[in-house]
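Enquirer: have a look at this prediction, sequence included:
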Amino acid sequence: MNAPRPSQQQRPRIARRALHGVLLLDKPLGLSSNDALQKVKRLFRAEKAGHTGTLDPLATGLLPLCFGAATKFSQLSLDADKGYRAVLKLGVRTSTGDAEGEVLATRPVAFDAAQLEAARAALLGEIEQVPPMHSALKHQGRALYDYARDGIEIERAPRRVRIHRLDILRWQADEMEIDVLCSKGTYIRTLAEDLGERLGCGAHLTALRRTQSGALGVPQAHTLESLQQMGESERDAQLLAPDVLLAGEPEVRLNEAEAGRFLTGLRRRINLPDTPLVRVFGPQPRAFLGSAHVCAGELIPNRLLSPPEVEALLA
């Protein structure tokens, strides 16, 4: 019997590990968020991992990855405000809102600084956006971009989003760079198109980089290449504690007995005002127990770590 070809041989099984923490990845151009996650998960030999908000393959920048216990709090990062830097090509509207689409229309770029300021100001605050067809939004269990590839247009209801900041970093001829801070669910390509329409020339995205997710920023992030060059212990040292996803929320510390009761899901009496979200710790510095809220003098658990997960954080 012939020996199997190398391509037919199975990859050696990876000995997975229970890791708990958050890695800030600077996602490279060309990789989907899931592809990036799988590469990092394999690199860390992690048992359980997930990402906290999809970035298009053509976008780069901050992609928080959660391991183990941190996945319980990934929704907090999904719900957080996001920051972006984007480069726009003015005067050209495309079928996808970015450089990969077909050119639908070209118009002269003819506006002044006052018109630009008026257009910028009109897009600040709460606005309505129609999600683009080339997006991962689902319709009847299928992503909109799948319908778009088949030439099918699906009617989309507008969504309300909030633009906290829209700054013009540079503008020269038909190219513009903007800095945006926005609520979750904001489509930057749609924002670029809307800005182009208000300027009377149309626009599409040529580059997009996520710079911020809540309190987390891209300067803290690691590239895939830098992680690949590290040894395992050095890579492990780059993991942030799971409570980094609650950064900025009030901290509550419990003694050992109260911490044990809290981990069973019991409410605790506490002398604190009503608070929608708090980080709860045991007596040790790194003993993160989970999230909770305070209502009517009670500390009420939201999401809890298991005792083995707490012990792993203390190891």
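Expert: Everything's here; your move.
Enquirer: please look at A69 and E309 and confirm they touch.
Expert: Yes: counting by C-beta atoms under 8 Å, A69 touches E309, with 4.2 Å between them. Glycine gets a C-beta too; all of them are placed from N, C-alpha and C.
Enquirer: neighbour count for the two, which is higher?
Expert: A69 (26 against 20; other C-beta atoms under 10 Å).
Enquirer: wait, D98 touches A207, no?
Expert: No: at 9.1 Å, D98 does not count as touching A207 under the criterion of C-beta under 8 Å.
Enquirer: between those two, who's got more neighbours?
Expert: Taking other C-beta under 10 Å, D98 and A207 do not tie; D98 has more neighbours (22 against 16).
Enquirer: so what's the more buried one up against?
Expert: With contacts defined as C-beta atoms under 8 Å, 6 or more residues apart in numbering, D98 is in contact with 58, 134, 189, 204-206, 208.
Enquirer: can you pick the most crowded of those?
Expert: L205 (27 neighbours).
Enquirer: tell me what the helix or strand hosting it is packed against?
Expert: Using DSSP states H and E, L205 sits in strand 203-213. On a contact count with 3 or more C-beta pairs under 8 Å, 6 or more residues apart in numbering; DSSP states H and E, strand 203-213 meets strand 59-67, strand 82-90, strand 92-94, strand 175-182, helix 188-198.
Enquirer: next one: that strand to chain centre, how far?
Expert: Strand 203-213 has its C-alpha centroid displaced from the chain centroid by 13 Å (C-alpha atoms, centre = their mean, to the nearest Å).
Enquirer: again, but for stretch 19-33
Expert: Worked out by C-alpha atoms, centre = their mean, stretch 19-33 lies 10 Å from the chain centre.
Enquirer: can you check stretch 242-252 too?
Expert: That offset, for stretch 242-252, works out to 17 Å (C-alpha atoms, centre = their mean).
Enquirer: mind listing what's buried in that stretch?
Expert: Within stretch 242-252, the residues scored as buried using 16 or more other C-beta atoms under 10 Å are 242-246, 249, 252.
Enquirer: send the alpha carbons of the helix or strand containing L37 over as PDB?
Expert: Element membership for L37, per DSSP H and E: helix 33-44. Extracted as PDB, the C-alpha positions of helix 33-44 are listed here (Å, rounded to 0.1, in the frame of the first residue of the first chain):
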ATOM      1  CA  SER A  33     -12.100  38.500  11.800                       C
ATOM      2  CA  ASN A  34     -12.700  34.700  12.200                       C
ATOM      3  CA  ASP A  35      -9.600  33.800  10.200                       C
ATOM      4  CA  ALA A  36      -7.500  36.100  12.500                       C
ATOM      5  CA  LEU A  37      -9.200  34.600  15.500                       C
ATOM      6  CA  GLN A  38      -8.400  31.000  14.400                       C
ATOM      7  CA  LYS A  39      -4.800  31.800  13.700                       C
ATOM      8  CA  VAL A  40      -4.300  33.400  17.200                       C
ATOM      9  CA  LYS A  41      -6.300  30.600  18.900                       C
ATOM     10  CA  ARG A  42      -4.000  28.000  17.300                       C
ATOM     11  CA  LEU A  43      -0.900  30.000  18.200                       C
ATOM     12  CA  PHE A  44      -2.000  30.200  21.900                       C
END
